[in-house]
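Trainee: take a look and give me a structure for this.
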Amino acid sequence: MRIAYIGGGNMGGALLRAQQRFLPDSSALLIEPDSAKRERLAHETGCEALAQPSAALRHADWLVLAVKPQVAVEVMRGLQEWVHSEQLVLSVMAGISLDTLSRELPHRRLVRVMPNTPALVEQGMTVFHVAPEVSAAERDQVKNFLGALGQCLEVSGEETIDAATAVSGSGPAYVFYFAEHLMAAAQGLGFTPGDSRLLVEQTLQGALQLWKQSGLEAGELRRQVTSPGGTTEAALKHFESSEVGPQLQEGVQQAYRRARELAG
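Mentor: You can find the predicted model right below:
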């Protein structure tokens, strides 16, 4: 199998590296105009790397579109002469709908993919949706391939991809936002920046491992930590009075609405 990657940013690079683990006997072609990114990935993976699309794309079995949504239409129009009907096209471009992909390439054998940045360390949460023209065998192959990035979930409706964009796609940023403020609070209490990072990093990692291994709901684990009249309860009461929870949920809704806007 030969896979061509259009774009060598974080997600394109993560998928290219995943190909080496999942499809070690396959070959890869990278199209990336940025010389630094192109040369780095070519050195790391041994892939063929070009600055611009060429006839070499016609020999790819899969095309992976991994460019910024803002330039998606321009890039797809530039690929039209090289794409053929036998290829499977995977898009990791947030908010770009199947209708837009089908119209601008034009092409019908399509897969929309929403990974997240922990895919860079093989701990990603990737959600995908396939067009009706994709076969069951190809669907299974895509699922196995994306599983090399971490956990993988197939969804039946395209609108669910936009919902996943707001939850798992943007979710790491929410976690890092919380971590930033928890570290700032630790420094305000006298800890050094280095010690603050250690406290917060290990607390988050330990809490997530406990949640995963215990099988309990997050609310139950929160209640176990919260003693009546204790320190945790004091902080949580403040969060509740400030409506931190509802505001978080509204923020996710805002992200979802923006994803739908991008989808057109």
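Trainee: alpha carbons only for contacts and neighbour counts from here, please
Mentor: Will do.
Trainee: where do the helices sit along the stretch 151-264 of the chain?
Mentor: According to DSSP state H, counting those that start in this stretch, the stretch 151-264 of the chain carries its helices in the segments 158-164, 171-188, 193-214, 218-225, 231-241, 244-263.
Trainee: nearest to Glu32, out of those helices?
Mentor: Closest approach to Glu32 among the helices of the stretch 151-264 of the chain (C-alpha to C-alpha): helix 244-263, 23.6 Å.
Trainee: roughly how far out does the closest one sit from the chain middle?
Mentor: With C-alpha atoms, centre = their mean, to the nearest Å as the basis, helix 244-263 stands 17 Å off its chain's centre.
Trainee: could you do stretch 35-45 as well?
Mentor: Distance, centroid of stretch 35-45 to centroid of chain: 21 Å (C-alpha atoms, centre = their mean).
Trainee: how far off centre is stretch 216-231?
Mentor: Using C-alpha atoms, centre = their mean, the offset of stretch 216-231 from its chain centre is 31 Å.
Trainee: tell me who's in contact with Thr126.
Mentor: Residues near Thr126 by C-alpha atoms under 8 Å, 6 or more residues apart in numbering: Val113, Met114, Pro115, Asn116, Leu146, Gly147, Leu149, Gly150, Gln151, Cys152, Leu153, Ser168.
Trainee: do Thr165 as well
Mentor: Thr165 makes contact with Ala94, Met114, Ala255, Tyr256, Ala259, according to C-alpha under 8 Å, 6+ apart.
Trainee: just the helices of the stretch 151-264 of the chain: most buried one?
Mentor: Sort the helices of the stretch 151-264 of the chain by mean neighbour count, taking mean count of other C-alpha atoms under 10 Å, and helix 158-164 sits at the top with a mean of 21.
Trainee: what's it in contact with?
Mentor: For helix 158-164, using C-alpha under 8 Å, 6+ apart, the contacting residues are 94-95, 97-98, 112-114, 127-129, 155, 256, 259-260.
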